[in-house]
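Participant: Sharing a model prediction with you, sequence too.
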Amino acid sequence: MSSVLFDEPGPRARRRTRIATGVAAVVVLGLVALAVQRFASTGQFDAELWAPLLDPRTEEFAQVWAILGAGLGTTLRAFALAASASLVLGIVVGAARVSLGRTARLPLVGVVELFRGLPVVVTIFLAAEVLRLLDSGTSSYWALVAGLTAYNSVIIAEVVRAGVLSLPKGQAEAGLAIGLTPAQVMRSVQLPQALRTMLPALISQLVVILKDTALATVVFNDLQDLLYAGDRIRISLDNSLQTLLVVALVYIALCVVLDRAAVWTERRLSRSRPTAAPAVAPAEEAVTRV
Amino acid sequence: MHLRRSALTAAAAASLLALTACGGGSSDTGDAPEPVESASFEAGTTMAELSQAGAITIGTKFDQPGFGLRGLGDTPEGFDVEVGKGIAAQLGLSEDQITWVEAPSSQREDLITQGSVDMVIATYTINDTRKERITFAGPYYVAGQQIMVGEAEDRLTGPDDLRANPDLKICSVNGSTPSENIREYLASPDQLVLFEVYDDCVTAMKNGQVQAMTTDNVILTGYVAENEGEFKLVGEQFTEEPYGIGITKGDTAFCEFVNGALQTMSEDGSYEEAWTSTAGEYEGTEVPTLPTADACV
Amino acid sequence: MDPVLENLDLFWGGFVRSLGIVLWAFAGSMVLGTALAVCRVSPVPVLRAVGTGYVAVVRNTPLTVVLFLFAFGIPALQVNASFYVFGVAGLVVYTAAFVCEAIRSGINAVAPGQAEAARAIGLTFGQTLTQVVLPQAVRTVVPPLGNVQIAMVKNSAVVGAFGVGGELFSVATRLTSAQGEPRLPVYLGVAAFFLLITLPAGALLARTEQRLAVAR
C-alpha cells in the first residue's frame, strides 16, 4: 500500500485508519444489508423469478439461454465487424489528417469534428436513413454496423493522430533522410510506433464499441442483440430486475475479457521490443472514452 | 406474489395454446386452416408469385396479447396471426411456409416499402397518412381507443378526467396514434409517459409509476385478462380504429384477393374461429363480424 | 428541412428539456464521481475497494442496460420516482465512473514531490489532498473531465427511450412515427441541436486546455 498521498502510517495513523476502515466497513455492510433487505421484502429473491435464468431444471431455462445465446452471437458479430471497420478506417483517416497539407485536410477535419459532436444514437439513425436511401432493403444490422463505424472510426482517427504527433520529430526526419517517401515513413515508421503507444486508448475504444452495440435495442425494434434478448425474456417472464442483472453481468464479463486481452497484448508487445517513443500518458487518454 | 402470478398466467396461457397445437408443434390453435389445394392464379400477380414460391413473409406485432404475442417460443400467437394463416391458406400455403417478422408500430410502412414483408397484419389502423405510402386491404376488425387503470383507481373514468387530475400519469407507446390522440386531453405534456412497447407501460403501471395507459381497447382487454384483478377499462372508446392489412402501394389485385380471402374466412367460420381461439378468449370481448371492406386503391 | 422548420417550437422545447437533463446529470455525476475518486485514493482499504469495484462494474456496463435497470429494475424494489428522475439517475451513475477515473488520473499526475513535501511539513491525508494536490490536479483534470462531460451530453440522447419524454429524441420519434414526417431531415435537426451544445463545449474546452497549459 504505497501512495504519495500518505506516509507509511505510524501507530497513531494506523489506529486512525483502522477506525476509519471499521466505520467504512460498517457503512458499506449496512448499505449492502439494506439492499438485500429491500430485495427480500419486495420478493425479488423469490426462486421463481431467478429459476428460469439459473436453474437448468426449469422448463424455461433452455429457451431463455437459447435466446440469450442467439442475442450474444448477434452482438459479437456486430461488434467484430464494427470494430475492425472502425480500426481500418480510423487509421487511414488519422494518418491522412496528419499527412495532408493545411488546406487539403480541411474537409477531413470538418467531418471528424462533426461526427465527434454527435450522439452515437443519432449517428446510427442517420446511417440507417442514408443507407436506406441507397438501398431500401438495408437491414438494421448493417445500419448499426455502419453507424458505429462512422462514429468510432472518427474517434480512433483522433487517437491515431495524437499518437503520431507524440512521436519525436527525429523519427520522421530519419525516415525521410534515408530516402523513404512520406507515405512510407507514415506506414513503416510512424504508424507502428504510434499504434503501440496508443494501444490502451484503442482498446478502451473497442470496449466502447462493444457497449454501444446495445443501442440497437433502442434504435431498432428488430435487431435481436443481447439486450433485445434480455428485453424479450424479462417481458415474457415478468422478472425485469433479475433478467437485466444477468444481462448486465454478461456484458461486464465480455468487456472485462476484452480488457484483459488488451492488457495481455500490450505486455507482449512492449516486452518483444522496447518502444523508442515516449509514453504520452496513454492511460490518461483512455479514461475519457465514455 | 402478484407480479409473478400474472406472468405465470401468461406463460400458462401461452403453453396451453402451444399444447393444443396439432402434433407438428409448430402451430398453436386447434384447427389451423387447411391450405387450399391447387390454388392457381393469373401469372404475374403477387398471388401467383407467393403461391409458386411456396413462402410468404408476414409482419405482425410480437408484443400484443391476443393479436400477436411471441413469448419465449419461436412463432407469435394471436388474432392477427390467425388471420394471416387464413389468408396464406387461400394462397395454398401452409403455416410452415409463413415467416413471421416483428413489425413494431414505427416500422410497419418501412417493412412494406422495403419489400421485407409481403403483408403487415399488426393492429394496423387504416389512415390517410399511411395510405400515402402503402395500400390497405380490409378492414378486418374495428377497434377503438380506451383507457385502462388499476383496479382501485377511481379518479379516472374517461379521458376527460385527465385534465382535472394533473398528477395522474398515462402511458402509451412512442410514436403511436393513441399517444397523439390522448394529448388533447392532458393538462400538461408531463402527464404522458412514452415507451417503446406496451408491455413496459404495464410494468410501469404495476410499479405505480403511471396510473393509466391508453391504446386500442382490444389490446387493453388482453392486459386486463392476463393480469387478473389488477386492471380495468374505464369510459367509452373515444376513437374508431379500423385495422387493415398493409401491402405494397398500388397492388390492387392483391388487395382485392385479400378482401376476398377475408370474406371467405367470414363465410366458412374460420374468421370467428380465429377470434374465439385468440383475443376472444378474454373476458368481456364480443365476437366481431367482418366489417365491409374499403375499396382497393 | 421543412419538417424541422415547421416544428421548430417542438424542437426548441425538446432542446430545453434535454438541456435540463444534461445540467442535472452534470452536477450529479461531478459530486458522485469526485466522492468515488476520493475513495479510490484514500488510505482506507474498504473505501478503495468500493471505488475500484464501482468503476470496474459501471464502466463495463452499457449505458442502455443501466437505464433499463433504473426504469424497470429499481421500481420492482418498490423504489418510486418519475422516469425523468430515473433517467437522470442512470446518467449520473454511469458518468460518475468516468468522472472518478478522470479525477484520479489527474491526482496521480500531480508530481509526487508535491505530496511528499506536504507530508513532510506534517499535513494529514485530508489536508494534503484538499490544500495541495487537488488544486493542482484541477489543471490536469480539466481536459479529460471535459471530454467525459461532453460524452455525457451525447449519451443523454438515449434517455428518451426510457419514458423521460419531451426531450429531443422523443420529439424526433413523435414527428417521424406518429406524424409521418420524413426521418432524415428530422434526425438531421436533432443532430444540429446536439451540435449546438457539443461543438461550443468542445471549443471552450480546447481554449481552457490551452490557457491551463500556458499557465503551467
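Facilitator: Structure's in. What do you need?

Participant: Partner strands of the host helix or strand of B:M213 and their direction?
Facilitator: Per DSSP states H and E, B:M213 falls inside strand B:212-216. Strand B:212-216 pairs in its sheet with strand B:145-150 (antiparallel), strand B:170-173 (parallel), by DSSP bridges.

Participant: I'd like these laid out as JSON lines, including mean pLDDT and mean neighbour count.
Facilitator: Any C-beta I mention is one placed from the backbone N, CA and C, and that applies to glycine too. What follows is the strands paired with strand B:212-216, written out as JSON lines (pLDDT from 0 to 100; neighbours: other C-beta atoms under 10 Å in any protein chain shown):
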{"stretch": "strand B:145-150", "mean pLDDT": "94", "mean neighbour count": "24"}
{"stretch": "strand B:170-173", "mean pLDDT": "92", "mean neighbour count": "26"}
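
Participant: residue ranges with poor pLDDT in the chain?
Facilitator: All of this is about chain A. Within chain A, the stretches with pLDDT under 70 are A:1-9, A:270-290.

Participant: Please refer instead to chain C.
Facilitator: C:1, C:213-216.

Participant: need the residues of it near chain B, please.
Facilitator: C:71-72, C:75-76, C:78, C:80, C:82-83, C:161-163, C:165-166, C:170, C:173-174, C:176-180 (C-beta under 8 Å from any C-beta of the partner chain).

Participant: circling back to that earlier point, average pLDDT across the strand holding B:M213?
Facilitator: Averaging pLDDT along strand B:212-216 yields 94.

Participant: Show me the contact partners of that strand.
Facilitator: B:123, B:125, B:143-149, B:153, B:156, B:159, B:162, B:168-173, B:176, B:178-179, B:181-182, B:198, B:201-202, B:204-205, B:220, B:223, B:241 (C-beta atoms under 8 Å, 6 or more residues apart in numbering or on different chains).

Participant: What of stretch C:21-31?
Facilitator: Stretch C:21-31 has contacts (C-beta under 8 Å, 6+ apart) with C:84, C:87-89, C:91-92, C:95-96, C:99, C:149, C:152-153, C:156, C:159, C:164, C:167, C:197.

Participant: Now stretch C:198-214: buried residues?
Facilitator: Neighbour-count burial for stretch C:198-214 flags C:T198, C:L199, C:A201, C:G202, C:L205 (criterion: 16 or more other C-beta atoms under 10 Å in any protein chain shown).

Participant: nearest to chain B, of the residues you listed?
Facilitator: Of all these, chain B sits closest to C:T198, with 24.2 Å by C-beta to the nearest C-beta.

Participant: residues touching B:E240, list them.
Facilitator: B:E240 touches B:V142, B:A143, B:G144, counting by C-beta under 8 Å, 6+ apart.

Participant: now do A:A150
Facilitator: Contacts of A:A150 by C-beta under 8 Å, 6+ apart are A:F115, A:T123, A:A127.

Participant: in which helix or strand would I find it?
Facilitator: Assigned by DSSP H and E, A:A150 falls within helix A:140-166.

Participant: Any buried residues in the helix or strand that that helix is followed by, and which?
Facilitator: Counting by DSSP H and E, the element after helix A:140-166 in chain order, helix or strand, is helix A:169-177. For helix A:169-177, the neighbour count (16+ other C-beta under 10 Å) marks A:Q171, A:A172, A:G175 as buried.

Participant: Over to stretch A:214-234?
Facilitator: A:214-234.

Participant: Return only those of those residues found close to chain C.
Facilitator: Okay, of those touching chain C (C-beta under 8 Å from any C-beta), that's A:A214, A:L215, A:T217, A:V218, A:L227, A:G230, A:D231, A:R234.
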